[in-house]
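Show me how the following folds:
(chains A and B)
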Protein chains: 2
Amino acid sequence: MTAPQTLDALASFLGQRLSRSKSDLDLHGRSESHFPPMPPDAVAYPDTTEEVQRIVTLCAEARVPVIGWGTGTSLEGHAQAPRGGVCVDFSRMNKVLEIRPADLDVTVQPGVTREQLNRELRATGLMFPVDPGANASLGGMAATRASGTTAVRYGTMRDNVLGLQAVLADGQVVRTGSRARKSSAGYDLTALLVGSEGTLGLMTELTLRLHGIPEAVSAGVCAFASVEDAVNAVIDTVQMGLQVARIELVDAATARIFNGYAGTGFPEQPHLMLEFHGSPESVAQDAARFGEIAADHGAGTFEWSAQEEDRRALWTMRHNAHYAVLASRPGHRALVTDICVPVSRLAEAIGATQADIAQSGLPGPILGHVGDGNFHAILLIDPAKSQDQETAEALSHRMVERALDLGGTATGEHGIGLGKMRYMAREHGPGWEVMGTIKRALDPHDILNPGKLVPQPD
Amino acid sequence: MTAPQTLDALASFLGQRLSRSKSDLDLHGRSESHFPPMPPDAVAYPDTTEEVQRIVTLCAEARVPVIGWGTGTSLEGHAQAPRGGVCVDFSRMNKVLEIRPADLDVTVQPGVTREQLNRELRATGLMFPVDPGANASLGGMAATRASGTTAVRYGTMRDNVLGLQAVLADGQVVRTGSRARKSSAGYDLTALLVGSEGTLGLMTELTLRLHGIPEAVSAGVCAFASVEDAVNAVIDTVQMGLQVARIELVDAATARIFNGYAGTGFPEQPHLMLEFHGSPESVAQDAARFGEIAADHGAGTFEWSAQEEDRRALWTMRHNAHYAVLASRPGHRALVTDICVPVSRLAEAIGATQADIAQSGLPGPILGHVGDGNFHAILLIDPAKSQDQETAEALSHRMVERALDLGGTATGEHGIGLGKMRYMAREHGPGWEVMGTIKRALDPHDILNPGKLVPQPD
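Okay, the predicted model is just below:
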């Protein structure tokens, strides 16, 4: 069967849910990134696992690539189709299948977004805490091992996917994990699929860990004289076992941009923004104890509040940082970097990055999930200046090389996609070839998201 | 090269550190379990990763099995050698290589035991919390994805191994993970190796997550009228987000045995034993709040203490439960079961197990890590009664079948080894074949711990 025949066969059971319209192909060939468009040959909108299975089986017969698609919020071009093929858009598989409050878990289809899930959970007093900023689909978040501001307390998708159902390259449906909280029964296939970026299977169901909405929350913000002081306060906080729910760094450049965007009056210094979850007593104590740690590192007053309104203003600002940064230079576009280093090397990594950025002449405010050692520089590119893209890429490259020198990783949470392939050999050494061996064993014809993640034939 | 030649080649560089003495072979052919002895052909005591690499390479050439050995505390016969081969005993690779307090991590050789690690950490104010009871080696704990009483708060080995170095079946040394706290860079090879029971690689270094020793600890114990009441109190505790560090159930039979062993005066009822970690204020509050929850479920007073002496007495008793149970029937031996179910089904699973045990006539006290839904019945076998072993195995079988019926797993923390192979097909369905595909890809000649974990050729 040739590829056009495959598309006809798919259309015969998907009907209107197989799209070949130019606008659909264009949309699914792009992502929120700087890579050139790479459209698929068709976009399928399955409703069921069985349909996904039929799609994969038909494509496998004709060696047609199959690429999963969530909400298109990848920053590294994960879902672009460099070899064409069929994009499987999970937006119709968006049901919350079962909430089990006594077990603190939920089973969802992959197209459910995190905001949708939290809306549907509201009446239960439970929440799904992983928050990458974008209102991404949970399938996409699992595929990229996403995290965000709350990982320091609640972990990443690695920690919050208890099990899943996936369609493998041979069309087989597997279930991984169980509904037990832990297990020693064999290879951890859940963990193997989480972060595999659609190269080993298409996830069609996810069972996720839930957490109680905390009884009380406190949040606050604090200016430091230097990034180093701020990072040392983070290290002390973590070492003392103070359980922060979020601990975010914004550098002086970001504070200035917040002021311009939202009319706030932050001093133009590095800041930490924190949140604590617990009982009314414990969040007050935690805030007070952090205030002492911050003072030890020369910070000004730690202003905190347990009022929802105040907290919301703080985190809305943090979540809008990306837009605030873009708005600071109308017409520019962003290249968002993403490295993660041991916390002990974080001040050094940020300092050296700031020096590189200053020398480059590009605007590049820095924000980070510093409890994890993860930070981003948002590098602003003027499309009118032909050099800017190259300068930004060189900056990102230096950041990654430095992260690897410091024992860190090329990507804390954005994934490999197209953007970080070149670092896999250095980061993993022979381990990258092991990934390739696993990929070839499970997908010998390279059907699933080809061109991504594993070593490519010359 | 034939197998005897392989042993000679190993002896040529290991010298006295390759043992073929009968006592050594016998010791390494046994485990703390009911399986018949299956000795290896030789026991190697390497000092370095390079030596492990040479051992694996030489054995691979001659297709000689290689089996890792930690402290021999497996309850499922993981390290027994049904096909002979070379047992690699890691007891000489027992150095703590580097403690990094600012990053809350440590790199160790696999033969370091958890008690040794915690002794060496003492001056740092940090601890490694995973506690399976036995003073197991960290390599063995990682290989079986062990956990224990503290998993409800600190997670299992899955959550606490940040990265590792391993020798694969082809003799290659790989490093997985990085020193960053999180990463989205490719397949999670760390998670694939943790729990792989020596079938994919021999771990030669582990980087582990550490936690601050809590400033304050409170612990206490509380009797309930029924297992169901106790489990419902657990569910409420977890749902309310009360952060317990341990929450253990002992049934009425176990309470009776404690009284006989240690002269305690527990009512012969189910009990919960709890521990909270935090600040002096928070652990007092947590204990008080748990007391309210317990009262809602008809419990008597929750007696708690923040005194180290009192806590130590409580947990010493819990940790000695295995010996107390054995001492209750001198001359008997134990078959320790290990299932894990969704917490919502825990009362049902324990109740049905108690009924089965009562009907069997065997003594079988129950203890469990109930925050995770994991529990054990310690089935006591009289060697003089030929039926007892069979009765105990039938009870264990019913427990596992029930766990799988309830959405749980055949093993919460003891692993597959020889004892749980028969349940892999049912628990994982086609996923078990996927494990076999991965195994064949990475160990095509079936050198590493053959006969375990994955589907076996007919």
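
Is stretch A:220-227 positioned near chain B?
No. Applying C-beta under 8 Å from any C-beta of the partner chain, one finds stretch A:220-227 out of contact with chain B, separated by at least 15.4 Å. C-betas here are computed from N, CA, C, even on glycine.

bridging residues for the nearest residue to A:G241 once chain neighbours are set aside?
Excluding its sequence neighbours, the residue lying closest to A:G241 (C-beta to C-beta, 6 or more residues apart in numbering or on different chains) is B:G212, at 3.7 Å. When bridges are called by DSSP bridges, B:G212 pairs up with B:L126.

List the contacts of B:G212.
Shown in contact with B:G212 (C-beta atoms under 8 Å, 6 or more residues apart in numbering or on different chains): A:238-241, B:104, B:125-127.

Could you check how many residues crowd around the residue of the stretch 1-150 of chain A found nearest chain B?
For the stretch 1-150 of chain A, the residue closest to chain B is A:A102, as judged by C-beta to the nearest C-beta, at 3.8 Å. By other C-beta atoms under 10 Å in any protein chain shown, 16 other residues sit near A:A102.

In terms of pLDDT, where does it sit?
A:A102 carries a pLDDT value of 91.

mind listing what's buried in stretch A:448-458?
Applying a neighbour-count criterion of 16 or more other C-beta atoms under 10 Å in any protein chain shown, the buried positions in stretch A:448-458 are A:448-455.

Relative to the whole chain's centre, how far out is it?
Centroid displacement of stretch A:448-458 relative to its chain, using C-alpha atoms, centre = their mean, to the nearest Å, is 21 Å.

and after the helix or strand where A:E309 lies, which helix or strand comes next?
Using DSSP states H and E, A:E309 sits within helix A:308-319. Going down the chain from helix A:308-319, the next helix or strand is helix A:321-327, by DSSP H and E.

Run through who's touching the next helix or strand after that next one.
Going down the chain from helix A:321-327, the next helix or strand is strand A:333-336, by DSSP H and E. For strand A:333-336, the external contacting residues (C-beta under 8 Å, 6+ apart) are A:34, A:75, A:322, A:325-326, A:376-381, A:383, A:389, A:392-393, A:396, A:414.

so A:Q53 makes contact with A:G171?
Yes. With contact defined as C-beta atoms under 8 Å, A:Q53 counts as touching A:G171 (5.4 Å).

which of the residues in the lowest-mean-pLDDT helix or strand in chain A are buried?
Least confident helix or strand of chain A, by mean pLDDT, DSSP states H and E, is helix A:308-319 with a mean of 81. Neighbour counts over helix A:308-319 (16+ other C-beta under 10 Å) mark A:310-311, A:314-315, A:317-318 as buried.

near chain B, which residues of the stretch 1-150 of chain A show up?
Along the stretch 1-150 of chain A, the residues adjacent to chain B under the rule C-beta under 8 Å from any C-beta are A:100-105, A:125-126, A:144-147.

from these, which two are the most distant?
Farthest apart among the residues of the stretch 1-150 of chain A next to chain B by C-beta to C-beta are A:A102 and A:T144. That separation is 30.3 Å.

Kindly check the end-to-end length of stretch A:96-113 for me.
End-to-end distance for stretch A:96-113: 10 Å, by C-alpha to C-alpha, to the nearest Å.

Tell me the gap between it and the middle of its chain.
Worked out by C-alpha atoms, centre = their mean, stretch A:96-113 lies 20 Å from the chain centre.

Repeat that for stretch A:363-376.
Offset of stretch A:363-376 from its chain centre (C-alpha atoms, centre = their mean): 14 Å.

Kindly report the same for stretch A:105-121.
Relative to its chain's centre, stretch A:105-121 lies at 16 Å (C-alpha atoms, centre = their mean).

Please enumerate residues in contact with it?
With C-beta under 8 Å, 6+ apart, stretch A:105-121 has contacts from A:68, A:70-71, A:90-100, A:126-128, A:130-132, A:135-142, A:162, A:179, A:203-210, B:342.

center of chain A, which residue is that?
Nearest to the mean C-alpha position of chain A, by C-alpha atoms, centre = their mean, lies A:A146 at 3.3 Å.

Pop the domain breakdown of chain A in here.
Domain ranges of chain A: A:3-91, A:94-212, A:216-323, A:329-405, A:420-458, per automatic domain parsing.

Look through chain A and tell me its longest helix.
Longest helix in chain A, counting residues (DSSP state H): helix A:386-405.

For the closest residue to A:Q389 other than its chain neighbours, list each beta-bridge partner.
Leaving aside its sequence neighbours, A:Q389 sits nearest to A:I381 (C-beta to C-beta, 6+ apart; 5.5 Å). Counting by DSSP bridges, A:I381 forms beta bridges with A:R333.
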